[in-house]
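*Asks:* turn this into a model:
(chains A, B, C and D)
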There are 4 protein chains.
Amino acid sequence: MLNFNDFFKSLDDQLEVMWQAILAESRFTQAILHGDIDKTLYAIYMIETFHYTAHNARNQALVGVRENPSPVYTKFCFEHAAEEVGHEKMALHDLRSIDVITHDTVIPKPLPETETLIAYLYWVAANGNPLRRLGYSYWAENCYHYINPLIEKLRSTLKLEDSQLTFFIAHSSIDEEHFDEIKKIIQRTCNTQDDLDDITNVMETTLKLTSKMLEAVFDEYAKLQAGTSTRYSFLKNTSAAA
Amino acid sequence: MLNFNDFFKSLDDQLEVMWQAILAESRFTQAILHGDIDKTLYAIYMIETFHYTAHNARNQALVGVRENPSPVYTKFCFEHAAEEVGHEKMALHDLRSIDVITHDTVIPKPLPETETLIAYLYWVAANGNPLRRLGYSYWAENCYHYINPLIEKLRSTLKLEDSQLTFFIAHSSIDEEHFDEIKKIIQRTCNTQDDLDDITNVMETTLKLTSKMLEAVFDEYAKLQAGTSTRYSFLKNTSAAA
Amino acid sequence: MLNFNDFFKSLDDQLEVMWQAILAESRFTQAILHGDIDKTLYAIYMIETFHYTAHNARNQALVGVRENPSPVYTKFCFEHAAEEVGHEKMALHDLRSIDVITHDTVIPKPLPETETLIAYLYWVAANGNPLRRLGYSYWAENCYHYINPLIEKLRSTLKLEDSQLTFFIAHSSIDEEHFDEIKKIIQRTCNTQDDLDDITNVMETTLKLTSKMLEAVFDEYAKLQAGTSTRYSFLKNTSAAA
Amino acid sequence: MLNFNDFFKSLDDQLEVMWQAILAESRFTQAILHGDIDKTLYAIYMIETFHYTAHNARNQALVGVRENPSPVYTKFCFEHAAEEVGHEKMALHDLRSIDVITHDTVIPKPLPETETLIAYLYWVAANGNPLRRLGYSYWAENCYHYINPLIEKLRSTLKLEDSQLTFFIAHSSIDEEHFDEIKKIIQRTCNTQDDLDDITNVMETTLKLTSKMLEAVFDEYAKLQAGTSTRYSFLKNTSAAA
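*Replies:* The predicted model follows:
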């Protein structure tokens, strides 16, 4: 008999440890918290967000495309996917609203770390325990507790309006509901300790891959600032470009 | 500029021709219309229906998993898939309700003609113009006009209650709404004559493959009646088994 | 303990029945045997051959991409696929050599019946018993006994040189060796009666789908002759075009 | 006009930088070079090697399953895949030969870092420029220059016979030939600077993911030594188990 309260507590504890490490050690989060950034960091980050978000509905639905014993879970996968469709467009909207890109800007390919995260999510969606992708949803729908301070700091440092933060604002409200659904679907579909272990594994791995993506974003920002890379010099109206 | 009224008219005209041929020439439909059947024909048919229906939500969602220029269409694919999840269970329920199978019955694999239909639907979902699977939905959500007389005849010949026809009753009401959605999504997403031609092609091909499946069902029924095949002799409480 | 001699005998007997029916009843084969054709029938047939052949190496390799208990079989799949790569180009070469197409000709999409065959082969490659695709190879590598008389008649009716029949000549010699390999790999990898039944099923289904493709080719030929379709009127220097 | 000598030189230079960093900084390689290990490190490493190697032939072939303009490249993919089939079995053989596992040992699932590498390789095989997987082959077939000193040190520290190192010995000889083929196929198939950039990107990313896998192996080794994990305590006849 699985004890889901204990399970959620163990996931939450593990997330607390991992997020505190990210907030304390990551150059990306430290730069934001110290206000030591300009629009280009936000822009590079939102471009990567655009990339992986564009795949999230698709790899979520892919779980349901597999032969699956539970119609409840299959339906959840398709409904959840339907709700996520097109969200990546908000990321580009926000960048246009601060004038760093235009409708004609050719968005560069994802960074290797972003592509690795995307690759892993498709792999998890298509292989192994179909339930394990819930480990990604568990933290992704439940991260605003940790990232809201970062967003607030971004907002004040870069003087962003709500209309320039639509991606984050939309998700922080949508995702609260989603998080309850994630916990409910875990309770309805998981039957074995292996199910729980697989979810834990994917939660940890996807959060680690995401934190590596954040570091890669910061590396690109630092290179842009130092003038050692031109990959993002297409960004307009930024202090780096000025 | 595409004229959708003309397009829908041409699809409807083509369906009229194809269905009239099926109703007039198919031994499957003729046997039903002449009341010259027993429960085993219904059972064999519902087993094949169980098989392809179990794949419909999945191959519908697969269209949306592909990289797709239109978020409207992607969302439609996932929502439509979500609504179809688990419908195959109604087919088995109906067979249990007439006592030809039990919860323990091992359902035989699909017939080759059914597997061919399933294979083609996945192929269409994964390859070529993503819009073309709408050709399948166009007739599948719009077939009750043609098959209701068959169902009524089945009902009276086999003395079936509503509770023994849940698959058909559920679909004939759900699908009316769906058909309007199909026409709307065609209008919102198709931009070229090629889109329309691809939809027409898939409509015709999937209806042809379905009619071949019906013939294969009748062949198996005839073999069971003649005692030349034991494939379906597991069916219980039928005149053939009696 | 499986008796492979009996199994191969049963496959051969079944092929004999099916091929005799095709040779006797198919309008495609009858037209060829009566010499009642022109280059356009050959051309339409070779275009469809081009289409499905272009997929054969790919769906053969796909079997090996799946998780597979037998390295011997996986290796066979990749080696066999490697040998088939690019053979479709011979089909187009032969059509250019008789001046019905040029290098610039836009080849029309496959006919629905051809696409159905292709779809089924990918389905079989990706789903169910991985060994079952051997049922396709069994007849495809072993069909020259039946089709050589057709090719000879084609050759004399259309006055074709060897250099205009490279697809058939290459395959009739390559495939003899291949057929021995197919029988060997069946003996090395099949362990259960289910394996043999699955191979039989796919052999029958793919030959049936191929015969439907031949009928569809003849239908298109007849429509071209009758002037009721322009789909193949791009074919040059043919009696129909003259 | 692409200059392949310059390109290969740039790849080699980049590999030199990356490998020197791995050799100098990685705890995994440092532990081996200092002889500060026992059989369990070798065992954990070979288990992960077993896992990703079991997928290499499959994701190599997957590149060829995609629609691909170059038959030369498609054929290369299938032939190269055929040669790699079953190599993972050597890794397990070597572990049995040093008595740390038996035929009955249940091999644990791959570590998250190994699964990430596997996931990325399938992603690269199935998406984006089909040529880019050659970036993985470029370093994987060309790594013995760097890892032979590690293998020699392993051999002397753990007193391994050739018959206990079959995986490494087989690959160091096979792969020399393979490396020449990789360079030839790059020259025959790459036409644009984008092709070269994509290959460079995948070379760097897969080597980085591999080095993270090595670190994860060392972490597990350290946890086993410290008694803080039982994941690998099934390994027999090791100093940790003794």
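
*Asks:* near chain D, which residues of chain A?
*Replies:* Taking CB under 8 Å from any CB of the partner chain as the test, the list of chain A residues beside chain D reads A:112, A:115-116, A:118-120, A:122-124, A:201, A:204-205, A:208-209. Backbone N, C-alpha and C define where each C-beta goes, glycine included.

*Asks:* residue A:153: neighbour count?
*Replies:* 16 (other CB atoms under 10 Å in any protein chain shown).

*Asks:* contacts only, for the residue nearest to the spatial centre of chain A.
*Replies:* Nearest to the geometric centre of chain A sits residue A:140, at 6.0 Å (CA atoms, centre = their mean). Counting by CB atoms under 8 Å, 6 or more residues apart in numbering or on different chains, residue A:140 touches A:175, A:206.

*Asks:* any idea how far it lies from chain C?
*Replies:* 29 Å (CB to the nearest CB, to the nearest Å).

*Asks:* repeat that for residue A:19.
*Replies:* From residue A:19 across to chain C, the span is 36 Å (CB to the nearest CB).

*Asks:* doesn't residue A:149 make contact with that residue?
*Replies:* No - judged on CB atoms under 8 Å, residue A:19 makes no contact with residue A:149 at a distance of 10.9 Å.

*Asks:* residue ranges with poor pLDDT in chain A?
*Replies:* A:174, A:237-242 (pLDDT under 70).

*Asks:* between residue A:19 and residue A:149, which is the more surrounded one?
*Replies:* Between residue A:19 and residue A:149, residue A:19 has the larger neighbour count (other CB under 10 Å), namely 18 against 14.

*Asks:* which stretch of helix or strand covers the residue nearest to the more buried one when sequence neighbours are not counted?
*Replies:* Take residue A:19 and drop its neighbours on the chain: the residue closest to it by CB to CB, 6 or more residues apart in numbering or on different chains is residue A:146, 4.4 Å away. According to DSSP states H and E, residue A:146 maps onto helix A:144-158.

*Asks:* and that helix, what does it pack against?
*Replies:* helix A:4-25, helix A:27-33, helix A:39-65, helix A:166-189 (3 or more CB pairs under 8 Å, 6 or more residues apart in numbering or on different chains; DSSP states H and E).

*Asks:* now do the buried residues in that helix.
*Replies:* A:144, A:146, A:147, A:150, A:151, A:153, A:154, A:155, A:157, A:158 (16 or more other CB atoms under 10 Å in any protein chain shown).

*Asks:* any figure for the gap between residue A:47 and residue A:22?
*Replies:* 20 Å (CB to CB, to the nearest Å).

*Asks:* quick one, which of those two is more surrounded?
*Replies:* residue A:47 (25 against 21).

*Asks:* which helices and strands sit right next to the helix ranked longest in chain A?
*Replies:* Looking across chain A with DSSP state H, the single longest helix is helix A:193-226. Applying 3+ CB pairs under 8 Å, 6+ apart, one finds that helix A:193-226 contacts helix A:4-25, helix A:27-33, helix A:39-65, helix A:112-126, helix A:134-140, helix D:112-126.

*Asks:* what angle sits between that helix and helix A:4-25?
*Replies:* Going by axes from the mean of the first three to the mean of the last three CA atoms, to 10 degrees, helix A:193-226 is angled at 20 degrees with respect to helix A:4-25.

*Asks:* hmm, back to that, need the helices and strands packed on helix A:193-226 in JSON lines (columns: distance to residue C:87).
*Replies:* Shown next, in JSON lines, are the helices and strands packed on helix A:193-226 (distance: least, CB to CB, whole Å):
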{"stretch": "helix A:4-25", "distance to residue C:87": "53"}
{"stretch": "helix A:27-33", "distance to residue C:87": "53"}
{"stretch": "helix A:39-65", "distance to residue C:87": "32"}
{"stretch": "helix A:112-126", "distance to residue C:87": "31"}
{"stretch": "helix A:134-140", "distance to residue C:87": "43"}
{"stretch": "helix D:112-126", "distance to residue C:87": "23"}
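
*Asks:* closest to residue B:67 out of those helices?
*Replies:* Closest to residue B:67 of the helices and strands packed on helix A:193-226 is helix A:39-65 (CB to CB; 7.8 Å).

*Asks:* quickly check: the closest one near chain B or not.
*Replies:* Yes - using CB under 8 Å from any CB, helix A:39-65 comes into contact with chain B via A:57, A:58, A:59, A:61, A:62, A:64, A:65.

*Asks:* which residue packs closest to residue A:98, ignoring adjacent ones?
*Replies:* Per CB to CB, 6+ apart, closest to residue A:98 is residue A:164, 5.3 Å.

*Asks:* one more: residue A:209?
*Replies:* Here the residue nearest residue A:209, using CB to CB, 6+ apart, is residue A:117, at 4.3 Å.

*Asks:* distance check, that neighbour against residue A:201.
*Replies:* 15 Å.

*Asks:* which one's more surrounded, these two?
*Replies:* Remark: of residue A:117 and residue A:201, residue A:117 carries more neighbours, 26 against 19, as counted by other CB under 10 Å.

*Asks:* just checking, the more buried one touches residue A:210?
*Replies:* Yes - counting by CB under 8 Å, residue A:117 touches residue A:210, with 6.2 Å between them.

*Asks:* surely the residue nearest to residue A:19 touches residue A:23?
*Replies:* Yes - with contact defined as CB under 8 Å, residue A:146 counts as touching residue A:23 (6.9 Å).

*Asks:* how near is residue A:23 to residue A:33?
*Replies:* Residue A:23 is 8 Å from residue A:33, where distance means CB to CB.

*Asks:* picking up where we left off before, who touches the residue nearest to residue A:209 in this structure?
*Replies:* Taking CB under 8 Å, 6+ apart as the test, what residue A:117 contacts is A:52, A:206, A:209, A:210, A:212, A:213.

*Asks:* among these, which pair sits farthest apart?
*Replies:* Across those, the longest distance by CB to CB is 12.2 Å; it joins A:52 and A:212.

*Asks:* and residue A:2, backbone torsions?
*Replies:* Main-chain dihedrals, residue A:2, degrees, to the nearest 10: phi -80, psi 140.

*Asks:* so who does it touch?
*Replies:* Going by CB under 8 Å, 6+ apart, the list of residues near residue A:2 reads A:190, A:191, A:192, A:193, A:196.

*Asks:* nearest to chain C among the residues of chain A next to chain D?
*Replies:* Of all the residues of chain A next to chain D, residue A:123 has the smallest distance to chain C: 13.5 Å, by CB to the nearest CB.

*Asks:* so that closest one sits against residue D:123, correct?
*Replies:* Yes - counting by CB under 8 Å, residue D:123 is a contact partner of residue A:123 at 7.2 Å.

*Asks:* follow-up on the earlier one: got the angle for the longest helix of chain A vs helix D:112-126?
*Replies:* Using the same axes, to 10 degrees, the inter-axis angle of helix A:193-226 relative to helix D:112-126 is 70 degrees.

*Asks:* can you state the direction angle for helix A:193-226 and helix A:166-189?
*Replies:* 170 degrees.

*Asks:* in helix A:193-226, what counts as buried?
*Replies:* A:195-196, A:198-221, A:224.

*Asks:* then stretch A:32-48?
*Replies:* A:32-33, A:37-48.

*Asks:* and the contacts of it?
*Replies:* In contact with stretch A:32-48 (CB under 8 Å, 6+ apart) are residues A:23, A:28, A:31, A:91-92, A:94-95, A:98, A:100-101, A:107-108, A:110-111, A:114, A:149-150, A:153-154, A:156-158, A:160, A:167, A:213-214, A:216-218, A:220-221, A:224-225, A:232, A:235, A:237-241.

*Asks:* for residue A:195, which non-adjacent residue is spatially closest?
*Replies:* Spatial nearest neighbour of residue A:195, chain neighbours left out: residue A:131 (5.2 Å); criterion: CB to CB, 6+ apart.

*Asks:* could you give the angle of the helix holding residue A:146 to helix A:39-65?
*Replies:* On the basis of the same axes, to 10 degrees, helix A:144-158 is oriented at 150 degrees to helix A:39-65.
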